[in-house]
Structure formats: structure tokens, C-alpha cells
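Let me see the structure of the following:
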Amino acid sequence: MIKVAAVTSGLNVPSSRFRVRQYLPYLADYHVIANEFCPWISMYQGASVSWMPRFVTGTSLAVLKAVSRIPVLLRGRVYDITWLQRELIPGYYSFEHMLKKPLIFDLDDALWLNFNKRQSHFEKICRNADLVICGNSYIENKVSSYDVSTVIIPTPVDTHHYLLNCDDGNSERELVVGWIGTSSNFSYLDTIKDILISSVRAHKNARFLLVSDREYLPLRELGGKYEFVRWSADNEVHQLQRMDIGIMPLKNDQWSLGKCSYKILQYMACGAAVVGSRVGMNSEVVQHGVSGYLVDTSAEWGEALHALLTNETVRRCFALAGRATVERRYSVEANLPKLVAAFRLVLENNK
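The predicted model follows:
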């Protein structure tokens, strides 16, 4: 039995939920026991406990975040492997050298961009690891430049949890265009907000559903054709299942190239037809015209939304092809053997 210390960044941090926590119930079938070390203060979203005083900010919050990492430094020594999902303290090389070896470092974003002038810190974290698991090829290309061992494992979807929506077949019903994500990504919606609003307005049975931690105010212009639902882990799948069309706009920049297309995978898993920017991993996940639309310009966004809002057959074909893509390449079942192989590899190399 392999014992793994899984080090995450917070209770509701997406990378912790999807790249680590989703796997935990299934690892025992492969003779792996993984215990999660989740800090009581989220590394990226402030306090994840209700009793945290509001005045705890800045330096004091940073100190508490560092303190919250002490348990894994002490108790992690009894495990066979440390599986570190992102750096311990965002943007810094801190206690990584104190973690139990062998160490696997897991990356799902272009995190080196967060290190600003401390690029050497990011390199040290990578070089300190026995293996770096990368969410896509763009990330792997960067990490490989440090002459470290890498493997690509995409962010998986638990297809037993993310189930297809139940389409009632009513062609006159309301059609829901949707977006799910944190407010930190609203800048991507900014790039298509005008065409999005005009497209929803132009179709009498269309409405827009936003699932996030707060409202995206420009969409209020849609009036009754806009609905905001505050995100929670409990309502996430249900809200995704309400969507007929899921969108993932991106900018063509380094940060977007590091994204692992998880919104698109969630939409596909729940049976929504997808439209995404032709950027980075989106172009690997979506087969244009078969499992979704890939677009570059505002005009193409408008054309793709119009095509899906007016053609039930295309929506249904994209939905079925998308679900099949997730099950075949991006499900927990498809990627769990790769993760277990990574565990066994680092153990074998460290005998």
C-alpha cells in the first residue's frame, strides 16, 4: 500500500477540488491511501473559516497562511510520497525543501507568472520535485526547460458526479446560455459582453445564467433574461445541468495558454454544447464543428451562438460528442491510472 500526503491550497480552491480531492475516493482500488492536508486558510481566497476576524489582512494573514502549512511539515514525514498541488505559499519558494521526499509537484496554471521577479523561486520548486505533473503541454514546455521530469495529466471530471442533463425535448422551452467561474475571471467575459448581450436579446427564448461568487454587473442590461446564481459546491452540478450552451471566452495571452479548459470539460460532461475561444488547450479539447465551436472574433462568437440557439440538432450532436470526449480522455477513470503510475515511478526512482 502506497501512502500519499496530498497537500492542497484550500477547501474551495478549484485546483484542490478537481486535481486532488476528486481522486481520493478511487485511489484505494489501486492500493493507494492518500490523506489530504488542506490549510484552514485558503491560499488564494482569504480565510476559509467563518471565525476569522476581518482585520486579519496583509502581513498578518500571510503569517497565518504560513502557519497553516506546519501540520504537513510535521505529520507528512510518515508518508511514502508528498503530492503538492501548487506551491505552499503563492508566489514564493518557502518550505518546499522541508517536505517529505519523493515529492510530486502538480501544476494546472501558468503559475510562474505569479512569481513576478522571483522566477528563480518557481524554478527552485520545480527542481526540488522528483516529478512535475502538468495540466497541459504549454505548462510542460515551460517546466521542461528546467531539465526536470514531467508528465501531462489533464484536470479530470468525475463523470459519476457530473451527469448529463435531462432534456425534455420541448423545442419551445427556454434555452440557457451559461458561464461558471470565479469573479477573478470576469475580464474574459468583458471581451465578449456586447455580442453576448445582443445574442441573448435577439433570441426570444434565450436567457443567460451566470454562476459565480458575485454578479457580473454588465449582464444586468439583459433584465429578465439574465439570472445570477451564487456558486456553491452543492449547487454546481445542478446549475451546469441547466445550461444548453456553455461558453469559455479567453484572451490570447500567457495566462490563458496555461489554462486547462476545465469550464469546457464541465459543460461537456453535463451535456451542454460549447463555444470557446480558439486559445491554448481549448483547441485540444474541442473538435470544431463536431463537439463544439472554436472562435476567434466577436463576429464568430455571434455566429456560433446564433447557430446553437436556432438548431436543436447541432446542440444535441455537440452535447453527445462532448460527453463522449470527457469519458474517453478527461474522466477520473481515464486519468487515474496515469496518476498511480506517477506515484509508482517516483517510488521506484527513489529506492
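
Only C-alpha atoms from now on, for both contacts and neighbour counts.
OK.

Need the three-state assignment for the residue nearest to R19 when sequence neighbours are not counted.
If the residues on either side of it in the chain are set aside, R19 comes closest to T155, at 5.6 Å by CA to CA, 6 or more residues apart in numbering. Taking DSSP: H, G, I helix; E, B strand; the rest coil as the rule, one finds T155 in the coil state.

What pLDDT is listed against T155?
pLDDT recorded at T155 is 98.

so it touches C134, yeah?
No: taking CA atoms under 8 Å as the contact criterion, T155 and C134 are not neighbours in contact, 9.3 Å apart.

Give the residue from those two that has the larger number of neighbours.
With other CA atoms under 10 Å as the criterion, T155 and C134 differ in neighbour count, and C134 comes out ahead with 26 against 23.

Please name the residues that touch that one.
By CA atoms under 8 Å, 6 or more residues apart in numbering, the residues touching C134 are 106-108, 140, 150-154.

can you do 7 Å?
106-108, 140, 150-153 (CA atoms under 7 Å, 6 or more residues apart in numbering).

Which one of those is nearest to S277?
D108 (18.6 Å; CA to CA).

Next up, the contacts around the closest one.
The contact partners of D108, taken as CA under 7 Å, 6+ apart, are 134-135, 259-260.

Could you do W179 as well?
When contacts are counted by CA under 7 Å, 6+ apart, W179 touches 209-211, 246-247.

So which of the residues you listed belong to strands?
Judged by DSSP state E, the contacts of W179 include 209-211, 246-247 as members of strands.

Distance to V63, neighbour count and pLDDT added to the residues you listed, as TSV?
Listed next are those as TSV, based on distance: CA to CA, whole Å; neighbours: other CA atoms under 10 Å; pLDDT from 0 to 100:
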residue	distance to V63	neighbour count	pLDDT
L209	38	22	98
L210	35	21	98
V211	32	23	98
G246	39	28	98
I247	38	24	98
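
Columns distance to A324 on top of those residues, output as CSV?
Conversion of those to CSV gives the following (distance: CA to CA, whole Å):
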residue, distance to A324
L209, 25
L210, 25
V211, 24
G246, 16
I247, 19
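
which one among these gets closest to Y92?
When the ones in strands among the contacts of W179 are compared for distance to Y92 (CA to CA), V211 wins out at 31.2 Å.

Kindly state the domain boundaries assigned to this protein.
Taking automatic domain parsing as the domain assignment, the record places the domains of the chain at 2-156+332-349, 175-329.

Let me know which of these is the nearest to L163.
Using CA to CA as the measure, domain 175-329 is the one of those that comes nearest L163, at 5.2 Å.

Any idea how far apart the tips of that closest one sit?
The stretch domain 175-329 measures 28 Å between its terminal residues, going by CA to CA, to the nearest Å.

so what's the one residue sitting closest to the centre of the chain up against?
Of all residues in the chain, the one closest to the mean position by CA atoms, centre = their mean is Y262, 4.5 Å from it. When contacts are counted by CA under 7 Å, 6+ apart, Y262 is found next to T155.

So R316 lies in a strand, does it not?
No: counting by three-state DSSP, one finds R316 to be helix, located in no strand.

Leaving out sequence neighbours, find the closest residue to it.
A273 (7.4 Å).

my read: that neighbour touches R242, true?
No: in terms of CA atoms under 7 Å, A273 does not count as a neighbour of R242; the distance is 11.8 Å.

which one of the contacts of W179 is nearest D194?
The shortest gap between D194 and any of the contacts of W179 belongs to I247, at 14.3 Å (CA to CA).

And the nearest residue to the closest one once chain neighbours are set aside, what's its pLDDT?
Taking CA to CA, 6+ apart, and ignoring the residues beside it in sequence, I247 has V275 as its nearest neighbour in space, at 4.9 Å. Note for V275: predicted pLDDT of 98.

Can you classify V275 as helix, strand or coil?
Here V275 takes the strand state, with states given by three-state DSSP.

Dig out what it forms beta bridges with.
Beta-bridge pairing of V275 under DSSP bridges involves I247, Y293.

Give the full set of residues in contact with it.
246-248, 292-294.
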